[in-house]
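> how does the following fold in three dimensions:
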Amino acid sequence: MNSTIFLPKTIKVGYQTRNDTYTGQLAYIIYFDQKGVLRKEKSWQSWRDNKIEPQEFANVPTSGFVLNKKVGDYSSGWDHRKSYCRVYDERNFEFEITIENLLYILENANSIKGKGLEGDFVYGWNNKDLILIPIESPDYLELTKYNEILFQKNYVKAKDLKLGATYKTKTNEEWIYMGRFDYHTARYDRVERPQQTSSYSYYRSYDSVKVDVNKGKHHFFIQSRESKYGINVLTIKSLGERFIDTISTECIENYAELFEKLECTTEYSPYDKNKDEYIQYTFVEFCEKVNDKWLYCFDSQKNSISIRNNERGLCSIEDRKTYKRTEVSNEEAFNILKPMYKNEFLVNGKLYKGGK
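Okay, the predicted model is just below:
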């Protein structure tokens with residue numbers, strides 16, 4: 001289950017008259033957030049029957065819930081209503097939960113025919129979706145602790161940040177503080193190309209040139225685990241209410257290692273085209289590359305080309321500017337093109353992208 005489900009202190013219930021319910025009333029439940037703001041009020045007001053007085057309830061563990069029936073799962077023209085399950089609340093109304101929520105409930109609570117669901121439950125919200133949560137579920141204790149922190153509103157302040165310390169966000173993510181540095185991003189400017197002809201209708205008459213933009217001092221954070229794309233970097237100019245808890249004030253052991261990785265990001269230092277390094281493949285490397293998949297590389301004039309062996313065992317070469325293709329043997333391609341890969345570096349001299 002999502003570890004950032006919000007458990008409000010108070011819920012508010014609006015009603016519509018429905019003949020297909022036990023009680024004659026179908027409920028739309030919304031909640032007050034940690035700031036006392038009533039969430040989803042606009043759609044709630046447009047849905048409910050204004051002639052029926054809404055009610056507020058404390059969101060405390062409550063028993064007496066009964067599964068009613070499946071609703072939805074039909075198509076009306078272009079509109080498809082997904083499946084939901086109706087649930088009876090002993091406070092004399094029914095509401096709807098998703099089938100995913102129903103399955104979670106049945107994994108963590110018993111449903112007794114004629115008696116309903118065993119145990120106590122609380123209401124929670126996963127973004128916009130209402131979730132009914134059994135308090136006997138293994139996630140409930142963790143969610144309770146997370147929400148206690150939210151309601152305490154002891155937000156981490158910039159003056160309290162420590163290098164290498166670990167902090168938790170509202171979305172229950174942990175980030176390591178790396179320091180305050182200039183934050184670099186980029187914009188793309190159009191540069192017209194020399195007049196060329198092409199049979200391709202989508203051929204562009206301009207190039208997009210990446211230009212560095214320095215956004216000034218920002219706080220830098222890194223997650224200790226990496227994604228398949230590398231390290232995850234978070235940059236914030238002002239902390240605001242982003243961080244809700246301090247996990248540890250101790251500097252993480254691999255801070256120096258993480259900082260080296262941070263130095264290799266374009267957020268920390270911009271890309272420097274003047275530092276590009278072109279290195280020629282060996283013939284063996286070249287043959288391995290073109291036999292495996294498309295090889296995107298450069299010829300001896302630093303023109304961008306694509307090469308791959310085709311079904312006839314020849315090198316199919318595509319000029320990525322004119323989109324023209326030619327076919328030669330591996331050896332001819334290597335001797336004519338002298339294919340190269342490009343290493344890209346940042347202003348600080350750190351390797352940004354290795355092209356090999």
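> what is the mean pLDDT for stretch 225-237?
What stretch 225-237 shows for mean pLDDT is 88.
> end to end on that stretch, go ahead and measure it.
In stretch 225-237, first residue to last residue: 23 Å (Cα to Cα, to the nearest Å).
> what are the buried residues along that stretch?
Within stretch 225-237, the residues that count as buried by 16 or more other Cβ atoms under 10 Å are 233, 234, 235, 236. Glycine gets a C-beta too; all of them are placed from N, C-alpha and C.
> now, those residues that are in strands?
Among those, the members found in strands (DSSP state E) are 233, 234, 235, 236.
> the third one is in contact with residue 216, isn't it?
In other words, residue 235. No - if you go by Cβ atoms under 8 Å, residue 235 and residue 216 don't touch, sitting 10.6 Å apart.
> shared neighbours of the two, anything?
residue 183 (Cβ atoms under 8 Å, 6 or more residues apart in numbering).
> surely residue 271 and residue 348 touch.
No - checked against Cβ under 8 Å, the pair residue 271 and residue 348 is beyond contact range at 10.6 Å.
> quick one on the thing from earlier: just flag the most distant two among the buried residues of stretch 225-237.
The most widely separated members of the buried residues of stretch 225-237, counting by Cβ to Cβ, are 233 and 236 (10.7 Å).
> which residues do those two both contact?
With Cβ under 8 Å, 6+ apart as the test, residue 233 and residue 236 both reach residue 221.
> picking up where we left off before, and residue 271 and residue 348? Which one has more around it.
residue 271 (17 against 13; other Cβ atoms under 10 Å).
> any idea how far residue 264 is from the more buried one?
The gap separating residue 271 from residue 264 is 11 Å, by Cβ to Cβ, to the nearest Å.
> how about the helices in the chain?
41-47, 99-108, 140-152, 255-262, 283-292, 330-337 (DSSP state H).
> okay, the ones you listed in a markdown table with mean pLDDT and distance to residue 54 next?
Formatted as a markdown table, these follow (pLDDT from 0 to 100; distance: least, Cβ to Cβ, whole Å):
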| stretch | mean pLDDT | distance to residue 54 |
| --- | --- | --- |
| helix 41-47 | 96 | 9 |
| helix 99-108 | 94 | 23 |
| helix 140-152 | 93 | 23 |
| helix 255-262 | 95 | 51 |
| helix 283-292 | 86 | 64 |
| helix 330-337 | 90 | 74 |
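> and the strand ranked longest in the chain, what does it pack against?
In the chain, assigned by DSSP E, the strand with the most residues is strand 174-192. Contact here means 3 or more Cβ pairs under 8 Å, 6 or more residues apart in numbering; DSSP states H and E; on that basis strand 174-192 packs against strand 166-169, strand 206-222, helix 255-262.
> ok, now with 6 Å
strand 166-169, strand 206-222 (3 or more Cβ pairs under 6 Å, 6 or more residues apart in numbering; DSSP states H and E).
> which residues touch the first one?
Under the criterion Cβ atoms under 6 Å, 6 or more residues apart in numbering, residues 156, 174, 175, 176, 242, 243, 244, 245, 246, 247, 248 lie in contact with strand 166-169.
> tell me the spacing between the second one and residue 120.
Pointing back at residue 174 there. 30 Å.
> same question for the fifth one.
Counting by Cβ to Cβ, the gap between residue 242 and residue 120 amounts to 33 Å.
> most neighbours, which of the contacts of strand 166-169?
That'd be residue 243 among the contacts of strand 166-169, by other Cβ under 10 Å, with 25 neighbours.
> can you list the low-confidence ranges for the stretch 101-250 of the chain?
193-206 (pLDDT under 70).
> this protein - how does it break down into domains?
Annotated domains of the chain cover 10-150, 158-270, 274-353 [automatic domain parsing].
> so for residue 3, which of these sits nearest?
domain 158-270 (4.8 Å).
> how far away from the center of its chain is that closest one?
15 Å (Cα atoms, centre = their mean, to the nearest Å).
> now do the same end-to-end measure for it.
End-to-end for domain 158-270, by Cα to Cα: 25 Å.
> what of stretch 262-280?
29 Å.
> re earlier: switch the domains of the chain over to a markdown table; also include distance to residue 2.
Formatted as a markdown table, the domains of the chain follow (distance: least, Cβ to Cβ, whole Å):
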| stretch | distance to residue 2 |
| --- | --- |
| domain 10-150 | 5 |
| domain 158-270 | 9 |
| domain 274-353 | 35 |
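> which one of these lies nearest to residue 1?
Per Cβ to Cβ, nearest to residue 1 of the domains of the chain: domain 10-150, 4.5 Å.
> the closest one: how far from the chain's middle?
Distance, centroid of domain 10-150 to centroid of chain: 26 Å (Cα atoms, centre = their mean).
> next one: stretch 338-354
28 Å.
> average pLDDT for that stretch?
94.
> between the two ends of that stretch, how far is it?
Stretch 338-354 has an end-to-end distance of 18 Å (Cα to Cα).
> got the contact list for it?
Against stretch 338-354 from outside (Cβ under 6 Å, 6+ apart): 263-264, 269-272, 275-281, 286, 297-298, 300, 355-356.
> what subset of those is buried?
Using 16+ other Cβ under 10 Å, the buried ones in the contacts of stretch 338-354 are 264, 269, 270, 271, 275, 280, 281, 286, 297, 298.
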